[in-house]
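Novice: got a sequence here, can you build the structure:
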Amino acid sequence: MTLEEILSHSISVDASDIHIEQTPSEIHVCIRLYGVISTVATLTPDNPLINRIKMRANLDLSETRRTQEGQFPFYYNNQTTFVRVS
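Specialist: Sure thing, here's the model as predicted:
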């Protein structure tokens, strides 16, 4: 599942949040919909999703210890949504 697919799906179902958790063995992608968090994808740890998000939000790819914040625009159905990354 690509970043664009995750964002498109989340917008189409009106999710309020997207949570991405990376463990040594996999990456879990979850969305919050009406207060309930549901897993929408489980990816292999070598998936470039995290780096793709960091690149789109102009974050430091090499920084893994300290918190970073950024944002980027995402265009879907002729509308612009600003994605906040933390």
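
Novice: got the contact list for residue 41?
Specialist: 1, 6, 28, 29 (CB atoms under 8 Å, 6 or more residues apart in numbering). In this view, the C-beta of every residue, glycine as well, is placed from N, C-alpha and C.

Novice: and stretch 32-44, average pLDDT?
Specialist: For stretch 32-44, the mean per-residue pLDDT is 96.

Novice: residue 24 against residue 44, yeah?
Specialist: No: in this structure, residue 24 is not within contact of residue 44 by CB atoms under 8 Å, at 11.4 Å.

Novice: next, the buried residues of the longest helix seen in the chain.
Specialist: Ranked by number of residues, the top helix in the chain under DSSP state H is helix 3-12. Buried residues in helix 3-12, counted by 16 or more other CB atoms under 10 Å: 3, 6, 7, 9, 10, 11.

Novice: isn't the first one right next to residue 52, touching?
Specialist: Yes: assessed by CB under 8 Å, residue 3 is found in contact with residue 52 at 4.9 Å.

Novice: what ranges does the chain have for its strands?
Specialist: 17-22, 27-33, 36-43, 70-76, 79-85 (DSSP state E).

Novice: so which of the ones you listed is nearest residue 64?
Specialist: Across the strands of the chain, residue 64 has its closest neighbour in strand 17-22 (9.8 Å, CB to CB).

Novice: direction included, what does that closest one pair against?
Specialist: Under the criterion DSSP bridges, strand 17-22 sits next to strand 27-33 (antiparallel) in its sheet.

Novice: contacts for the strand it pairs with next, please.
Specialist: Residues from elsewhere that reach strand 27-33, judged by CB under 8 Å, 6+ apart: 1, 6, 9-10, 13-22, 37-45, 47, 49-50.
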